[in-house]
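Asker: Quick one, structure for this:
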Amino acid sequence: MAEILRPLGNVARALDSIANHEFQRVHLTKGQYLYLARVAEHPGIILERLAELLRVDRTTAARAVQKLTTVGLLEKRTDEVNRKIKKLFVTTQGAEIYPLVQRENAYSNGIALQGFSPAEAAQLASFLQRVDQNVAENWEAVKQGQIRNY
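Answerer: Here you go, the predicted structure:
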């Protein structure tokens, strides 16, 4: 079977490291740009859904959201119908940083796809979406207590 996880991990770690370094100038620490971007892309998202999108546990997401709230990049608003629900939104300050995150993502995406034809890039994106879905199903099952049999 073809080994895909090591190259995917290498790409993910390298780009994450670059982004973390570059976003220091706007005072985003390790991985916070991911949370800011997803909230900006999904205004009013709840914490549980954000954690699912990023494939992290709820506690990790809550800690990151709390830090971004404390520094004024995200805010929590109580749902008008169900007061127990807290929805997440980007603040004005966060909205000013988000375009930088978008530009970095577009630039890194372009670097990663250098030498690929548009058709190859689309095919790769389709394959990676399938891989993501396969892994997401397994992640959800393990998160709910299932044991994988190797």
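
Asker: Going by C-alpha atoms from here, please, whenever you check contacts or count neighbours.
Answerer: Noted.

Asker: Tyr107 belongs to a helix?
Answerer: Yes: Tyr107 forms part of a helix when assessed by DSSP: H, G, I helix; E, B strand; the rest coil.

Asker: Which pLDDT value belongs to it?
Answerer: On pLDDT, Tyr107 comes in at 96.

Asker: do Ala122 as well
Answerer: pLDDT, Ala122: 97.

Asker: give me the element it is part of.
Answerer: If you go by DSSP states H and E, Ala122 is part of helix 118-143.

Asker: Would you tell me what helix or strand Arg63 is located in?
Answerer: With DSSP H and E as the test, Arg63 turns up in helix 58-70.

Asker: who's in contact with that helix?
Answerer: Contacting residues not belonging to helix 58-70 are listed as Gln32, Tyr35, Leu36, Leu47, Glu48, Leu50, Ala51, Leu74, Glu75, Lys76 [CA atoms under 8 Å, 6 or more residues apart in numbering].

Asker: Number of residues surrounding the nearest residue to the first one once chain neighbours are set aside?
Answerer: Spelled out, it's Gln32. Leaving out its chain neighbours, the residue that sits closest to Gln32 by CA to CA, 6 or more residues apart in numbering is Ala64, at 6.6 Å. Ala64: 20 surrounding residues under other CA atoms under 10 Å.

Asker: I'd like the distance between Ala64 and Glu140.
Answerer: Distance, Ala64 to Glu140, using CA to CA, to the nearest Å: 21 Å.

Asker: before we move on, what about Ser17?
Answerer: From Ser17 across to Glu140, the span is 26 Å (CA to CA).

Asker: Check Thr59 too.
Answerer: Remark: distance between Thr59 and Glu140 (CA to CA) = 15 Å.

Asker: same check, this time on Leu53
Answerer: Applying CA to CA, one obtains 11 Å for the distance of Leu53 from Glu140.

Asker: quick one: which helix or strand includes Leu34?
Answerer: Assigned by DSSP H and E, Leu34 belongs to helix 32-41.

Asker: In which helix or strand does Val11 reside?
Answerer: Using DSSP H and E, Val11 maps to helix 5-22.

Asker: contacting residues around that helix?
Answerer: The contact list for helix 5-22 (CA under 8 Å, 6+ apart) reads Leu28, Thr29, Lys30, Gly31, Tyr33, Glu104, Ser108.
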